[in-house]
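*Asks:* Sequence and predicted structure, then a few things I'm wondering about:
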Protein chains: 2
Amino acid sequence: MKIIDGGVTSPLGFEAAGIHAGIKKEKPDMALVRSVCPAVPAGTFTTNVVKAAPVKWDSTVCASSEFVQAVVVNSGVANACTGPEGMKSCEEMAQVTGDLLGIPAESVFVASTGVIGRQMPMDKIVPGIEKLARSLADSRQAASDAAHAIMTTDTRPKEAACRIQLGGKTVTIGGMCKGSGMIHPNMATMLCFVTTDAAVDRCVLQQMLRGIVTDTFNMISVDGDTSTNDSVLVLANGMAGNEPFSGPCADYDELQEGLTYVLRELSKMIAGDGEGATSLFEVTVRGAATKEDARTLARSVASSSLVKAALFGHDANWGRILCALGYAGVPFDPDAVSLWIESAAGRLKLVENGMDTGYDEEKATQILSQDSVRAEALLSEGEAEATAWGCDLTYDYVRINGDYRS
Amino acid sequence: MKIIDGGVTSPLGFEAAGIHAGIKKEKPDMALVRSVCPAVPAGTFTTNVVKAAPVKWDSTVCASSEFVQAVVVNSGVANACTGPEGMKSCEEMAQVTGDLLGIPAESVFVASTGVIGRQMPMDKIVPGIEKLARSLADSRQAASDAAHAIMTTDTRPKEAACRIQLGGKTVTIGGMCKGSGMIHPNMATMLCFVTTDAAVDRCVLQQMLRGIVTDTFNMISVDGDTSTNDSVLVLANGMAGNEPFSGPCADYDELQEGLTYVLRELSKMIAGDGEGATSLFEVTVRGAATKEDARTLARSVASSSLVKAALFGHDANWGRILCALGYAGVPFDPDAVSLWIESAAGRLKLVENGMDTGYDEEKATQILSQDSVRAEALLSEGEAEATAWGCDLTYDYVRINGDYRS
C-alpha cells in the first residue's frame, strides 16, 4: 500500500465539485461526487432512532439499488426532524441530480449536515445542484473543493488516499469526511465519502466496510453525542480493471488494508479536529479478555469529560483514566493495571499494579503538552487490544456549542 | 410530611462535627457523625470496578455489622488506587474513631473524597479524628460544620431535612451530601449521609434505600463520570420510639416519602451545583413504554454535552434534545414526540409530531435564562415517566477540571 496525496477524485472515473449555493452566508455549502460509470455502493448509517431524511433515503438506496453513480451533499441544514416535507426535499435532491446527470434518482446518494429541525431551502438547493453539475471535474482541486463544501464547524478539510495492487492492477482509494461536534462511537454528525476504482463484489464490499467502521469511525469520540445524520458511503466503479473476488484471498486483504488506512486516517482527522480541540488523544487498551471489552474500555477513557479536561490542562491526573476504565462496565482486576502516556516528548509509566509509580510530574506535563498524545493501559485479563481516538475538552468547545445556531 | 431547616443532627440522638485537620491548606476537611445509641445501617455504593478503600470497608460493614454508630469522613484525598497501604489507612481511621467513641471499629463507616492515587496523610488524619471527637455536638451549627467539611469543588454545602409521623410518633430525617464533578447515574464522587430517629427493620431500610436511590441519585448527571468513591449511607437509631414495621403499610409509605424527599432534594442540589454550572436542568420524559425506558431517555438528555452547552448559551436548540433521546438505545416513534421547556419565565411548546412548532425564539431564550430550567418530552409508547437532573456545561467546568490538582 502506498499513501498518496489525494481525495475522492484520485481513483479513475470520479469527478467532484464544491460550490456556494447560498444555504450559508459565504462559505461553500454544496458538493457533488460522480462516477462516470455505474458503481457498486456500500454504506453504514447512524444508529440513532431519530434519523434524518437523507439517512432513510440512502439506507433504501444501499439496500435496493444495484448501482449508484452520484452523491449530492449540502451543509448548513441537516434535514432531520423535518417530517414528510423534509423527505420530499430529499427525494427532490436525488431527482434533480439524477435528471442532470442522466441517471435514475435511485442511483443518487443524498447527505445533509447542519442545524436540526429546519426545512431545506429548496430555492437555493436546486440551483445549487445545477451549478454543481456544471462544475464537475476530475482534478485534485475539484476533490478539495468538495471537501471544503461539506464542512460545518470543522476547522480544516479532511481527505486521504492510497494506492494498492489487486491482481497486478493499480487500484486507488480516495476519501473525504466532515465532522467535529456530535462525534461519538456509533457514528456522529459525521459524513464520510469514499471512492475507489476497484472492481469488487457488492456484498464483499458491504461486509468489509462494516468491519472497518467498527474499528475506525465507531472508535472516535468528541462529545458523546451520536447524530441523526451519520453516514459512511463507498462507491466502487471497477475502472481499475482488476479481477473481482468473492471471498478471503490476498486481494481481499490488500483492499481491506487500503480501505482501513483511508477510513482510519479520516477518523483520526475528525477526532483531532473535535470542536475546540487542541490535541488528538489516542487511547490503547491491551490485555483485555475480548476485543469487544478492549473497545469498550478504550472508548470509555477517550469519552470521559474529566479525562479530556485534564488533557487540556496538561495534567497527568491518571486517577481519572483508571476511573473511566472502571465504570466502562467491563470487569477487570484494578490492582493489576499499568498505564503509560506517550507523545513526541517521550514515554512515561504513570501506574503500576494500579498505583502511582512516583513519576516525574514535569516530564508528564511535557508529554501532555503535545498536539497528539497517547495513553496506553495494560490489563491482565487476556490478549485483546483496541484503540480509540478523542480530543481534549476546551473552553472553545463550550463557546462553539453554547450558541451554534446564531 | 413537613419540610424543616436541618441536617444530620436534626433527628434525636445524632451529633456531628466538622473541622480543619490540615489535609487541605485552609478549608475544613474532616467530618464526624455519631449516633448516641446503636443504629441500623443501610448503604448503596459505586458500581465502578475501581473501588476506593472506604467503599470496600463500608460494603463489608453494611453487609455484616448489625449496628453502626458513627461515620468519619475526609475530603482532599480519595484513598482510591492506593493498594494495601490505602486499605490499612482506612481501617486505622475506623479503629481510631471507634476507640475514641468506645465502639468497635466495625461500627464505623469511613468515607473519603478528593484526588485519586495519593496515600492518606495519617499524621494529619489521626489528630483530626481526635479533634472531631472533642467537637461533637447535636446543634444545627454542628450539622452545618460537617456539611462544609465534606465539600471538594462544591460551591455550597448541601443539607435537607423533614419530619414525618409514624404510628403517632414524630420522626425526623436529616441528610447532607457533597458532589460536584464526576457526577453521573450510578453514583459519582458523591457522598451522602442520612440520619433518622425512625425505628425500622434493617432489611426494609436497605431495600427502601435501593429503590429511592434509583430514582434520585442515579438520575443525576454532571459530566458522565462515575467515581470510585460514591456512597449513600443511612443510619436509623430508633430514638423516635415508633413501632417498627416489616412490610408494606401506611408507615412504610410515610417513611419512604420522607426519605425520598431528603434524597431527591440532595440529588438536585448536587446537579444544580455541578462544576461550573449556572443552571439546574430537569428533564422529564413521559409516555414511555416502561419506567426503565423513561429513566434511560431522561438521563440521556440530561447527560448530553451538546444539550448542556446549548442550555448554557440559552439556545433553544431542540434538535439536540431529540437527538439525545434518539441515541439513548430505546426505540420510540420520533414523529410522535412533543417537547416543552419551562421555567419561572413560563412554558413553551417547541416540538409537536417531531417537528418545530414555529415558537417564539425570544420567549424561549427568556425561559432558558433562568437558574432552573425544565424540559419535558412526551412520547406515544405508553404511560411510564421519569425525571433526571443535570446542569449546563460552562467555561468554568473546563477551567475547574483542566487543573484540579494544582
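*Replies:* Perfect, thanks for sending it.
*Asks:* Point me to the helix or strand that includes the residue in the stretch 301-406 of chain A positioned nearest to chain B.
*Replies:* Of all residues in the stretch 301-406 of chain A, the one sitting closest to chain B is residue A:319 (2.4 Å; C-beta to the nearest C-beta). For every residue, glycine as well, the C-beta is placed using N, CA and C. With the criterion set as DSSP states H and E, the secondary-structure element containing residue A:319 is helix A:318-326.
*Asks:* which parts of the stretch 201-350 of chain A sit against chain B?
*Replies:* Neighbours of chain B within the stretch 201-350 of chain A, by C-beta under 8 Å from any C-beta of the partner chain: A:223-228, A:303-306, A:309-310, A:312-313, A:315, A:317-320, A:322-328, A:330-332, A:334-335.
*Asks:* What's the PyMOL line that selects buried ones from the residues you listed?
*Replies:* In PyMOL, selecting the buried portion of those, with burial taken from 16 or more other C-beta atoms under 10 Å in any protein chain shown, looks like this:
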select buried, chain A and resi 223+224+225+226+227+228+303+304+305+306+309+310+312+313+315+317+318+319+320+322+323+324+325+326+327+328+330+332+334
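*Asks:* which stretches of the stretch 151-300 of chain A have low pLDDT?
*Replies:* Applying pLDDT under 70 to the stretch 151-300 of chain A flags residues A:180-188, A:222-227, A:275.
*Asks:* List the buried residues of stretch A:153-160.
*Replies:* Quick answer for stretch A:153-160 (16+ other C-beta under 10 Å): A:153-154, A:157-160.
*Asks:* The residues you listed in strands, which ones?
*Replies:* In strands, judged by DSSP state E, the following of the buried residues of stretch A:153-160 are found: A:158-160.
*Asks:* three-state assignment of the nearest residue to residue A:237 once chain neighbours are set aside?
*Replies:* Leaving aside its sequence neighbours, residue A:237 sits nearest to residue A:39 (C-beta to C-beta, 6 or more residues apart in numbering or on different chains; 3.8 Å). Judged by DSSP: H, G, I helix; E, B strand; the rest coil, the three-state class of residue A:39 is strand.
*Asks:* Return the set of residues that bridge with residue A:39.
*Replies:* Bridge pairing for residue A:39 (DSSP bridges) gives the partners residue A:68.
*Asks:* What distance do you get for it to residue A:70?
*Replies:* As for residue A:39, its distance to residue A:70 is 9 Å (criterion: C-beta to C-beta, to the nearest Å).
*Asks:* list the residues that contact both of the two?
*Replies:* Between them, residue A:39 and residue A:70 share no contacting residue under C-beta atoms under 8 Å, 6 or more residues apart in numbering or on different chains.
*Asks:* Which of the buried residues of stretch A:153-160 sits closest to chain B?
*Replies:* residue A:153 (11.4 Å).
*Asks:* ok, back up a step: quick one: residues in contact with the helix holding residue A:319.
*Replies:* Helix A:318-326 is contacted from outside by A:285, A:297, A:300-301, A:303-304, A:306-307, A:310, A:332, A:334, A:337, A:339, A:350-351, A:354, A:356, A:375, A:377, B:48-51, B:78, B:80-81, B:115-117, B:182, B:225-228, using C-beta under 8 Å, 6+ apart.
*Asks:* Touching, residue A:114 and residue A:75? I think so.
*Replies:* Yes. Counting by C-beta atoms under 8 Å, residue A:114 does reach residue A:75; the two are 5.5 Å apart.
*Asks:* Pick out whichever of these two has more residues nearby.
*Replies:* residue A:75 (26 against 23; other C-beta atoms under 10 Å in any protein chain shown).
*Asks:* Mark out where each domain of chain A begins and ends.
*Replies:* Listed by automatic domain parsing, the domain ranges of chain A are A:2-272, A:280-402.
*Asks:* Which stretches in chain A count as helices?
*Replies:* Along chain A, counting by DSSP state H, helices occupy A:53-64, A:83-101, A:122-135, A:140-149, A:202-215, A:250-272, A:291-303, A:305-312, A:318-326, A:361-368, A:395-402.
*Asks:* TSV for those, including distance to residue B:2?
*Replies:* What follows is the helices of chain A, written out as TSV (distance: least, C-beta to C-beta, whole Å):
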stretch	distance to residue B:2
helix A:53-64	53
helix A:83-101	49
helix A:122-135	61
helix A:140-149	64
helix A:202-215	56
helix A:250-272	53
helix A:291-303	44
helix A:305-312	39
helix A:318-326	40
helix A:361-368	52
helix A:395-402	41
